[in-house]
Every structure is written in C-alpha cells, then in structure tokens.
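Participant: requesting a structural model of the entry that follows:
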Amino acid sequence: MRNLLQKIRFDQRLMKFFRYGIVGGVSALVDLSLFWLGVEVLGWSWVIVAPVAFSISTIAHYLLSIRLVFTRGARFGKLMEILAIFAASAVGLVINQVALLVLLEVMGMGTVVSKLIADVAIIAWNYSVRAYYIFHPVKRVHANGKVIATNEMSRASICGPSKGKSVD
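Facilitator: Below is the predicted model of the structure:
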C-alpha cells in the first residue's frame, strides 16, 4: 500500500511538472513574441523591451499557474502570494537581463537565440521557487507529531482540482 501511495504522489508531481511545462511554454511564447515584436519589428532597445515583455508574461504565467498547476493560497494569502510571485520574477528578470547582456552584447549572438537560452535558466528558477516555496503546502501537525492535513487541494487529475483536502 505504501508503494502505491508513493507511486501516486510521484505521478501527481510528474503531472504537475507537465502542466507547468505547458503553462511555462505559453508564457515563454508570450515573452518571446513581445520581445521579438519590440526589438525586431519596432526597433526598440532590448533593454526596455525585455522587462516589459517579461512582466506581461509573468502576469499570464501567474493566472495560468493558479488555474492549471498550483493551488492558490497554499502558503500565503492572495496579496502575499502575488507579491511573492513578483519578487521571484524580479530575480528571474535579473537572470534574464544578465543573460541577455552577455549573449547579445558580449558574445554577439542573435536576438531570438539569446532570448531562448536566457529562458532556459529562468524556467529552472521559476519552477523551483514556485513549487517548493510559494505554492508549497503548509502541513498541519498534531501535537503527537502526526501530519493531520495539508492545505493543498489535490490536483491529481488534469481535469482540475478536487474540493477535498489531502491527508498524508
């Protein structure tokens, strides 16, 4: 029975990561499209375009993530959760800008290729901070040390959240 529960938990994490990949792909497409449009089509500076495109894609990513991947309010209230997302995204933006500076200005790589390479580093950062901190459920522990419940709603199926609480 324990092995079955471990397999189910692994499968849930794998599905969560898969859904995160889809959400991240859509958000990256928004970011890359706006970046390309601003730099290549409109001729604006990448220094200005990158943070604007990144911010818009962060909003899209948050909205899709709370709908398809993570449970809103797993650790924080709504306002603190949004602030934590934007704080984490600010770190991601720094990673983005530094990577673009090195790839575009120092190494002379192309605009789109540089942006794609920078996005790989940002994906790793974003998933880690969201999955293991911002949306990581807080466990409630009884005085005897037994975990009695978490405040994360189950997202075991791709069809959407259940209304119950998971119990370890």
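Participant: can you pull out the low-pLDDT segments for the chain?
Facilitator: Segments of the chain classed as low confidence (criterion: pLDDT under 70) are 1-10, 71-75, 137-168.
Participant: cutoff 80 now
Facilitator: For the chain, applying pLDDT under 80 flags the ranges 1-14, 16-17, 70-78, 131, 135-168.
Participant: quick one, strands of the chain?
Facilitator: In the chain, strands defined by DSSP state E lie at 139-141, 147-150, listed in chain order.
Participant: residues contacting Met97?
Facilitator: For the record, residue 97 is Gln, not Met. 47, 50-51 (CB atoms under 8 Å, 6 or more residues apart in numbering). The way it works is simple: take the backbone N, C-alpha and C, and place the C-beta from them, glycine included.
Participant: go ahead and confirm Ala121 touches Ile95.
Facilitator: Yes. Taking CB atoms under 8 Å as the definition, Ala121 is a contact partner of Ile95 at 5.4 Å.
Participant: which one's more surrounded, the two?
Facilitator: Ile95 (17 against 14; other CB atoms under 10 Å).
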